[in-house]
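[1] here is a sequence with its predicted model. Questions after.
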Amino acid sequence: MKIPRVVHVLSVVIVLVAGELPGTALAGDGALPSDAVRGGLWLRGAGEEAYGSAPTLHTYVDMTVTGMLARVRVRQRFHNPGARWAEGIYVFPLPEHAAVDHLRMCIGERVIEGQIEERQQARTAYEQARRSGRRASLVEQERPNIFTSSLANIAPGEDITVEIAYQQTVRHVDGVFRLRFPMVVAPRYIPGRPLALEDRIGSFAGGGRAMATDQVPDAGRIGPPVARPGAGPLNPVSLAIHLNAGMALASVTSPYHGILDQEQADGVHQIRLAEGTVAAERDFELVWRPLVGGEPRAAWFVQQAQDGQYGLLMLVPSQGPAPEPVTARELVFVIDTSGSMHGESMEQARGALLLALGRLRRRDRFNLIRFNDHTEGLFPRAQTATPGHIAAARRYVRALEAEGGTEMAPALQLALQRGAGQGGLRQVIFLTDGSVGNEQALFRLIRECLGDSRLFTVGIGSAPNSYFMRKAARFGRGSFTYVGDTGEVEETMSALVERLERPALTHIQLELPPQLRLERLPRRIPDLYAGEPLMLAFHGRAMPSQVVVHGLLGQRPWHTRVTLTGGGQDATLAPEWGRRRIEMLMAELHGSGSADARETLRGEVVDTALRHHLVSRYTSLVAVDVTPARVRGQSLDSHAMVTRLPQGWSYDHVFGLSQTDTPASLQILTGMLLLLGALGYGLLRRRACAA
């Protein structure tokens with residue numbers, strides 16, 4: 001009769017551990033407050049006290065767009081509805097190319113300006129203020145597109161606003177301008193072996209959801225708690241945009257949100273969300289198109305600063321008649337079929353693949369690769385695009401289902417392998433939401449395995465990992481794009497296929513006056529594809545009056561001369577320059593094999609970030625009030641702010657047994673089940689031996 005006892009113990013352990021799973025909580029009597037049905041985060045205080053509600057959050061976004069530059073203010077208003085002092089910790093996204101340079105904490109009429117410091121110094125200042133009862137705010141970068149905002153000592157019933165400001169450039173492709181604002185951090189797949197507690201990189205006091213591994217030691221800092229479906233409204237967002245495009249516009253639209261657009265007499269557009277506020281569950285994008293014939297071919301901005309001049313050049317090369325298409329071409333389509341792609345994302349990816357298959361030419365070779373926990377190719381090697389092979393591929397695509405984890409590395413390795421004796425142009429099209437936490441390892445793999453292939457990334461879904469998509473394409477010498485809605489599939493994929501069919505502008509060189517001592521970024525100019533602009537940043541004592549650009553269009557020499565006069569003279573370019581320099585240094589740091597070289601590069605990152613007042617991997621913004629607010633002895637509850645799943649994601653497919661992430665609680669539960677199973681087996685063996 002030992003087996004029933006083992007089963008009973010097992011059931012008790014399951015109940016206890018399940019209380020720690022995301023979205024669940026067990027009070028002393030198993031009951032939550034009646035208000036909990038409205039959703040939100042509820043945590044119990046010290047001892048046997050009842051549950052208290054966590055801080056709530058409302059985000060206000062103000063954007064001012066001038067030509068190619070956007071200045072953005074993000075105001076996060078924290079409110080403590082409970083009866084205890086609280087600390088709010090919020091993981092939130094920003095554009096991966098945002099130059100974050102300002103922090104302000106507002107308590108009533110009081111305003112405390114943030115200062116940039118090395119990351120550990122800023123964290124120490126924040127922790128000292130937190131323990132001493134002073135209000136403090138800290139903004140840290142976890143990834144270029146993931147940040148953490150910590151706010152200590154929010155009094156019961158109090159509102160505190162944290163304002164973050166950043167600058168970014170507007171994206172311009174195919175004559176269309178796009179400005180994207182991400183609203184939600186999607187759960188990341190965390191590969192690798194779980195680390196011991198002492199080896200993990202600071203999880204949150206309020207509870208990061210993912211367990212750190214040897215491949216992602218900071219997993220606890222990029223995995224905020226996620227609300228279950230039906231948890232009610234969370235983290236509403238308001239948004240207003242002042243758009244001064246500098247040209248007459250044919251249209252201003254937002255593909256994923258309703259907007260109200262009021263054009264003023266001077267051509268400036270005042271734009272707001274039609275609903276006033278929206279749920280933080282999908283990226284916002286604003287798209288504006290110039291009138292036909294009014295598309296800019298070049299834009300030039302200059303800033304005079306104490307340490308010299310900064311310049312920013314956008315040039316759209318006039319490529320003339322399209323050259324003959326490449327005769328020998330191999331295309332490899334890679335599709336993510338992990339659990340996070342379930343539902344709308346999978347429909348978008350299927351549609352994109354089917355459209356791309358329809359554009360193959362008879363002389364092309366192609367293959368399809370799918371991956372989740374496992375990787376497989378449709379064919380052992382690339383096949384000629386015959387009607388029979390394409391029909392087989394269509395059947396394969398229509399049967400794809402989304403389940404399991406997101407093991408990208410094997411898929412990338414397989415996709416980038418070139419068969420023996422195969423020549424010609426080789427292009428890899430990678431369709432994924434990019435929801436992984438081991439980006440740097442994947443970037444290294446791309447650099448090592450790319451060869452003469454080209455990698456093009458297509459971000460799928462409502463909240464793709466834009467940092468991964470952009471950088472993977474950059475290391476892969478390709479380009480990136482997004483499909484956020486099934487209605488965009490045809491237009492987006494048609495534009496991408498046309499880009500693939502036209503040779504890139506390669507071996508680009510810049511000719512500058514030799515007497516000028518200028519630093520230019522990027523130092524190595526990437527390939528350009530049809531419709532893409534050349535973006536260059538400069539810093540020096542003086543700016544050039546003209547530049548000459550040389551390159552190869554296919555196999556044909558190409559050049560153009562650009563006069564740099566006039567343009568925007570009042571732009572703020574120093575933050576953009578600093579961000580670009582930090583991005584370059586970080587790429588060199590992650591690619592370096594020498595510890596001394598990495599330490600030198602780290603020092604250059606810190607120096608650049610401090611000089612330009614920028615948040616980076618190694619620097620943070622911190623604001624500390626000098627006056628204590630919480631009396632010594634009063635307890636402080638720490639809360640990780642709950643986020644929503646991106647729109648269209650399936651909670652069961654992400655957090656079920658076939659999930660695309662590995663929460664610590666599930667790993668603990670799995671370990672306990674295995675342990676108790678072994679215990680039960682041992683008891684049965686002992687009983688059998690005794691008999």
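    Cool, got the structure. Residues are numbered from 1 along each chain as shown.

[2] distance of Gln306 from Glu519?
    Gln306 is 16 Å from Glu519, where distance means C-beta to C-beta, to the nearest Å. The way it works is simple: take the backbone N, C-alpha and C, and place the C-beta from them, glycine included.

[3] who's more crowded, the two?
    Glu519 (12 against 5; other C-beta atoms under 10 Å).

[4] buried residues in the helix or strand where Val624 lies?
    Per DSSP states H and E, Val624 falls inside strand 619-628. For strand 619-628, a neighbour-count test (16 or more other C-beta atoms under 10 Å) marks 619-625 as buried.

[5] could you dump these to TSV with pLDDT and distance to Ala402?
    Output for the buried residues of strand 619-628, formatted as TSV (pLDDT from 0 to 100; distance: C-beta to C-beta, whole Å):
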residue	pLDDT	distance to Ala402
Thr619	98	39
Ser620	98	37
Leu621	98	38
Val622	98	41
Ala623	98	43
Val624	97	46
Asp625	95	48
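
[6] once you drop chain neighbours, what's closest to Ser620?
    Nearest residue to Ser620, sequence neighbours excluded (C-beta to C-beta, 6 or more residues apart in numbering): Ala122, at 3.9 Å.

[7] can you pull the pLDDT of Ala152?
    For Ala152, the pLDDT comes out at 94.

[8] my guess is it meets Ala125, correct?
    No: Ala152 lies out of contact with Ala125 (C-beta atoms under 8 Å); the separation is 10.9 Å.

[9] which parts of this protein are helices?
    2-18, 119-132, 344-358, 387-398, 408-416, 439-449, 466-475, 489-501, 574-591, 595-612, 651-655, 664-690 (DSSP state H).

[10] compile those into a markdown table and extend it with columns for mean neighbour count and distance to His257.
    Compiled in a markdown table, the helices of the chain are given as follows (neighbours: other C-beta atoms under 10 Å; distance: least, C-beta to C-beta, whole Å):
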| stretch | mean neighbour count | distance to His257 |
| --- | --- | --- |
| helix 2-18 | 12 | 37 |
| helix 119-132 | 17 | 34 |
| helix 344-358 | 21 | 16 |
| helix 387-398 | 15 | 30 |
| helix 408-416 | 20 | 30 |
| helix 439-449 | 17 | 27 |
| helix 466-475 | 22 | 17 |
| helix 489-501 | 18 | 18 |
| helix 574-591 | 21 | 26 |
| helix 595-612 | 16 | 32 |
| helix 651-655 | 19 | 23 |
| helix 664-690 | 13 | 34 |
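
[11] could I get the ones you listed in JSON lines, plus columns for distance to Phe78 and mean pLDDT?
    Below are the helices of the chain laid out as JSON lines (distance: least, C-beta to C-beta, whole Å; pLDDT from 0 to 100):
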{"stretch": "helix 2-18", "distance to Phe78": "30", "mean pLDDT": "34"}
{"stretch": "helix 119-132", "distance to Phe78": "14", "mean pLDDT": "96"}
{"stretch": "helix 344-358", "distance to Phe78": "32", "mean pLDDT": "94"}
{"stretch": "helix 387-398", "distance to Phe78": "46", "mean pLDDT": "97"}
{"stretch": "helix 408-416", "distance to Phe78": "36", "mean pLDDT": "96"}
{"stretch": "helix 439-449", "distance to Phe78": "29", "mean pLDDT": "95"}
{"stretch": "helix 466-475", "distance to Phe78": "26", "mean pLDDT": "96"}
{"stretch": "helix 489-501", "distance to Phe78": "38", "mean pLDDT": "88"}
{"stretch": "helix 574-591", "distance to Phe78": "26", "mean pLDDT": "95"}
{"stretch": "helix 595-612", "distance to Phe78": "26", "mean pLDDT": "96"}
{"stretch": "helix 651-655", "distance to Phe78": "26", "mean pLDDT": "84"}
{"stretch": "helix 664-690", "distance to Phe78": "26", "mean pLDDT": "54"}
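
[12] same list (these) but as TSV, adding distance to Pro225.
    Formatted as TSV, the helices of the chain follow (distance: least, C-beta to C-beta, whole Å):
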stretch	distance to Pro225
helix 2-18	15
helix 119-132	20
helix 344-358	22
helix 387-398	35
helix 408-416	25
helix 439-449	22
helix 466-475	22
helix 489-501	33
helix 574-591	28
helix 595-612	30
helix 651-655	11
helix 664-690	11
